[in-house]
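> need the 3D shape of this:
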Amino acid sequence: MSTASSHNYLPLFHHVMATVAHIFYWDASYVLYYLKAKWKGYRSSASPDNMYNVFVTYDTKDPWVSEWVLETLRVKLEVEGEKALPLCLEERDWPLGVPVIDNLTQSIRYSRKTLFVLTKAYAKTGVFRLAMYLAHQRLLDENLDVIVVLMLEPVLQNSHFLRLRRRLCGESVVEWPRTAAAEPWFWQNLRNVVRVDNQTMYTSTYSQYFTCSRERD
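Residues are numbered from 1 along each chain as shown. Here you go, the predicted model:
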């Protein structure tokens, strides 16, 4: 491994760990979820034959968000457009009676991307924190960045998490438009983002890191 590749690796590793620490530090609920996840174990998925294109995680307790995901987001990605994108949706696809941590683990494992539909309330929940932890595990364990953030509301504006996402792969952070005229562009952009691997949209510094990592593997 060259000195240059080592230097590229270290900033990424530090940024990832800083992000996780910033989101979860002193959060008792996350500690509980973390211990459950470590006890259950996270098994790497190296198979390209994913069942779903996108796992969508959102606030199922908010009726408006739930309706928007099921009636609008689902239609725009699964039904409309040039190519249907099979989604994994908690309220439709999760088997009943299975613990949340197991459903989350399997959904993230068997989907190409994980789409976080963020609202102020959802960003404070333990489910969001657990899903983010598992998605970050795929980056650390498999060298796969599967995270896409869709902000329905302006949240986490001053967080290291969003700063990292925008520095690492700015196109993986999308915001709901303020005007109806911009909605067609938004949907086309979102379709493109969830179809394409995040690594191909990285800034040059991080693209070099992933290239070096694959060569070592």
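
> ok, longest strand in the chain?
Longest strand of the chain, by residue count under DSSP state E: strand 111-118.

> helices of this structure, start to end?
In the chain, the helices defined using DSSP state H lie at 3-24, 28-40, 63-68, 74, 90-93, 100-109, 126-142, 160-169, 183-195, 204-216.

> which outside residues touch the fourth one?
Residues outside helix 74 that contact it (CB atoms under 8 Å, 6 or more residues apart in numbering): Leu87, Leu89. C-betas here are computed from N, CA, C, even on glycine.

> could you do the third one as well?
When contacts are taken as CB under 8 Å, 6+ apart, the neighbours of helix 63-68 outside the stretch itself are Tyr58, Asp59, Thr60, Glu91, Val117, Thr119, Tyr122, Leu152.

> in that helix, what's buried?
Val65, Ser66, Trp68 (16 or more other CB atoms under 10 Å).

> please report how far Ala124 lies from Leu156.
Small correction: residue 124 is Lys, not Ala. 10 Å (CB to CB, to the nearest Å).

> ignore the last one, Glu175
12 Å.

> now swap in Pro95 and tell me
Distance from Pro95 to Leu156, counting by CB to CB: 31 Å.

> the more surrounded of the two?
In this view Pro95 and Leu156 are compared by other CB atoms under 10 Å, and Leu156 has more residues nearby, 17 against 8.

> can you verify my assumption that that one contacts Lys120?
No - using CB atoms under 8 Å, Leu156 makes no contact with Lys120, being 9.3 Å away.

> what touches both of the two?
Counting by CB under 8 Å, 6+ apart, no residue touches both Leu156 and Lys120.

> and Phe210, what pLDDT?
Note for Phe210: predicted pLDDT of 48.

> actually Ile108, not the one I typed
So, for Ile108, pLDDT stands at 93.

> doesn't Phe116 make contact with it?
No - using CB under 8 Å, Ile108 makes no contact with Phe116, being 10.9 Å away.

> higher neighbour count, the two?
Shown here are Ile108 and Phe116; by other CB under 10 Å, Ile108 has more neighbours (26 against 20).
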